[in-house]
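Asks: dropping the sequence and predicted coords here.
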Amino acid sequence: MSRPKSICIVLGASALLTLLAGCEVGYYLQATRGQLQLMRASKPVNAVLADSATSSELRSKLELAGVAIAFAEEELLLPANGSYTKYADLERRYIVWNVFAAPELSLKPQAWCFSVVGCSAYREYFHKFAADKFAAKLAKNGADVFVGGVTAYSTLGRFNDPLLNTMISMNDQRMVGLLFHELAHQKFYVKGDTQFNESFATLVQQEGVMRWIDSRQGLAAVAAYRQDLARHEQAWTLIRRLQRQLQALYSSDQIDIEKLAAKAAILEAVQVEYLELSADWPEPVPFSGWFSGPINNASLAALFVYDDHVPALRALLQQSSGDLDAFYQQVTELAQMEL
């Protein structure tokens, strides 16, 4: 699985002692240190472009990012707020690692609550060893766990988020889509509702990429992207059916040992079915990494964080006749109704 985001709000060190008395100070400190490292590594994009040592590949990517950000503001009505005017090379593949957890016989993910952003379905760490250590602790207590690397995150406009080497290393279309995704979080965010926030950003990302391709490459390229989304939805059909099967199993009257055996059989069967479904799909194959890895309740929770509400939001956009301004207003009203 490759999912491009998480949310990280880092508190100042002086605020930690005031706000976090009796809480997990160590967890917040690692987040603070990680954010500070990111800020120290950031350089103005203009300075990087002006540096004769900058490679032509990096120069091209930074210039493309600037064009994509302008497109996001003008065509997708997304705020930039000074984000992505700096660049940081962290010399690693991911910026953070997210830890998801769920009981062995339940699809309900564990939630962790934070003072600024509310409750979240994952915890994030700036070092993989720390994420793995925390995941191992949860697994020892009997939970299904999943650790996923993240290529970017949003601070919701509280900091000027930089472009990262983790983003620049993507192909052009994926990088542009990721920028749209992250900027969407600055447009709309509901405290404590991870699934709604991520689904909203994913929908804006997909729609934004569609419009980006149409403006630059034309109808044939749009048709190819629509085909990619159709394959994505075919994979989701399998995943949603898997969710229903597991929910039915977990709520059944079978004893736990029987449920665990049936769970293993269901997971093995869906991996085989996916291989048959995607056998003739061109690269990159949607969800290939997720289906090839160990599947469990936590990895399912990680997927549904990002896509669970996308179909409903797409229907809402269609009701708005593709008018993004009207769509954003409807999303805001919908969120207020849910509060």
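Replies: Looks like it arrived, so ask away. Because the structure is a prediction, the values reported are computed rather than measured. Residues are numbered from 1 along each chain as shown.
Asks: where does the stretch 201-339 of the chain have low pLDDT?
Replies: Low-confidence segments of the stretch 201-339 of the chain, defined by pLDDT under 70, span residues 338-339.
Asks: for it, what spans make up the helices?
Replies: In the stretch 201-339 of the chain, helices defined by DSSP state H, counting those that start in this stretch lie at 219-250, 256-277, 288-292, 297-307, 310-319, 324-338, listed in chain order.
Asks: so which of these comes closest to residue 182?
Replies: With CB to CB, the closest approach to residue 182 among the helices of the stretch 201-339 of the chain belongs to helix 297-307: 13.1 Å. Where C-beta positions appear, they are placed from N, C-alpha and C, glycine not excepted.
Asks: packing partners of that closest one?
Replies: The helices and strands touching helix 297-307, judged by 3 or more CB pairs under 8 Å, 6 or more residues apart in numbering; DSSP states H and E, are strand 96-103, strand 143-150, helix 194-216, helix 219-250.
Asks: may I see the buried residues of the longest one?
Replies: Okay, so that is helix 219-250. Applying a neighbour-count criterion of 16 or more other CB atoms under 10 Å, one finds 222, 225, 228, 231, 235-236, 238-240, 242-243, 245-246, 249-250 buried in helix 219-250.
Asks: and the third one, by the same measure?
Replies: Under the neighbour-count criterion of 16+ other CB under 10 Å, helix 194-216 has 194-213 buried.
Asks: columns distance to residue 44 on top of the helices of the stretch 201-339 of the chain, output as JSON lines?
Replies: Shown next, in JSON lines, are the helices of the stretch 201-339 of the chain (distance: least, CB to CB, whole Å):
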{"stretch": "helix 219-250", "distance to residue 44": "33"}
{"stretch": "helix 256-277", "distance to residue 44": "44"}
{"stretch": "helix 288-292", "distance to residue 44": "34"}
{"stretch": "helix 297-307", "distance to residue 44": "31"}
{"stretch": "helix 310-319", "distance to residue 44": "35"}
{"stretch": "helix 324-338", "distance to residue 44": "30"}
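Asks: among those, which is nearest residue 92?
Replies: Nearest to residue 92 among these is helix 288-292 (18.1 Å), distances taken as CB to CB.
Asks: ok, residues contacting the closest one?
Replies: Contacting residues not belonging to helix 288-292 are listed as 1-2, 235, 270-271, 274-275, 278, 299, 303 [CB atoms under 8 Å, 6 or more residues apart in numbering].
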